[in-house]
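Peer 1: Show me how the following folds:
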Amino acid sequence: MDKQELKQLASVEIPTVFQTNEGDGDQFVGITDLGRRVEMQWTGNTQKDIYAINVNDGSKRLVKKDLTGVIMPQFISPTGKYIMWYDSKARNYFAWDGTTTRNLTEKIKYPLWNEENDMPDDPRPYGIAGWYKNDSMLFVYDKYDIWRIGFNPYDNLENTTKGREKKISYRYLRVDPDEKFIDLWTSKWLKGVDEKIKAKFLVSGVCQQMVYLDR
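Peer 2: Next comes the predicted model:
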């Protein structure tokens, strides 16, 4: 937005607003649980409505109503093209592209939620590693692995780490705090935990060299 003016986007009705594109996006995301906060006393959570907010004119569009699940700033694609959330009832991630909502993870046959959850509540998701440039791919965690999900209809779902069979959990290690997206063409590091020998290690995503931190 090139205009030199202030525009209030959050309100009593929509108190939480997530920015996109480092604050320069044309579309922000609004979250509200107005009128449903009392239920937190017995559920521990509240249902939420998600809105797409046009930064230029302040208009709001309902994207998802009564979400029982999780939405966080990192779930919004960097440019704001996709609004994503985790649905605790469907136990999958969904994304809205401005027109339609798509189940991103229905083809992943392993739990994307905490497999060891022992509380009388919906288990939390393992979360995401991040996005690829131009919002073209997303990297999602299960207990052990990192899954690459393409937004191009010709892209295939891919398990990038293959850790489940060996009982090794992989997580992306962000070494650059200013990193805006995951660049597959530069050197990357993963954190690993080997459940069988109770050891932690680092592994280079380029040469697959493992460096054990303890044994």
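Peer 1: low pLDDT regions in the chain?
Peer 2: Residue ranges of the chain with pLDDT under 70: 1-3, 41-44, 153-154, 185, 187, 205-215.
Peer 1: ok, 90 please
Peer 2: Within the chain, the ranges that satisfy pLDDT under 90 run 1-10, 35-46, 117-122, 133-134, 151-156, 174-189, 196-215.
Peer 1: centroid residue for it?
Peer 2: The residue lying closest to the centre of the chain (Cα atoms, centre = their mean) is residue 75, at 3.4 Å.
Peer 1: What sits closest to that residue if chain neighbours are left out?
Peer 2: residue 84 (4.4 Å; Cβ to Cβ, 6 or more residues apart in numbering). Every residue, glycine included, has its C-beta placed from N, CA and C.
Peer 1: Next up, the contacts around the residue nearest to the centre of the chain.
Peer 2: The contact partners of residue 75, taken as Cβ atoms under 8 Å, 6 or more residues apart in numbering, are 83, 84, 85, 86, 93, 128.
Peer 1: cool, residue 138 as well?
Peer 2: Residue 138 touches 77, 84, 95, 104, 128, 130, 131, 132, 148, 149, 151, counting by Cβ under 8 Å, 6+ apart.
Peer 1: so what's it bridging to?
Peer 2: Under the criterion DSSP bridges, residue 138 forms beta bridges with residue 131, residue 149.
Peer 1: Now do it against residue 46, distance only.
Peer 2: 26 Å (Cβ to Cβ, to the nearest Å).
Peer 1: cool, and residue 78?
Peer 2: In terms of Cβ to Cβ, residue 78 sits 27 Å off from residue 46.
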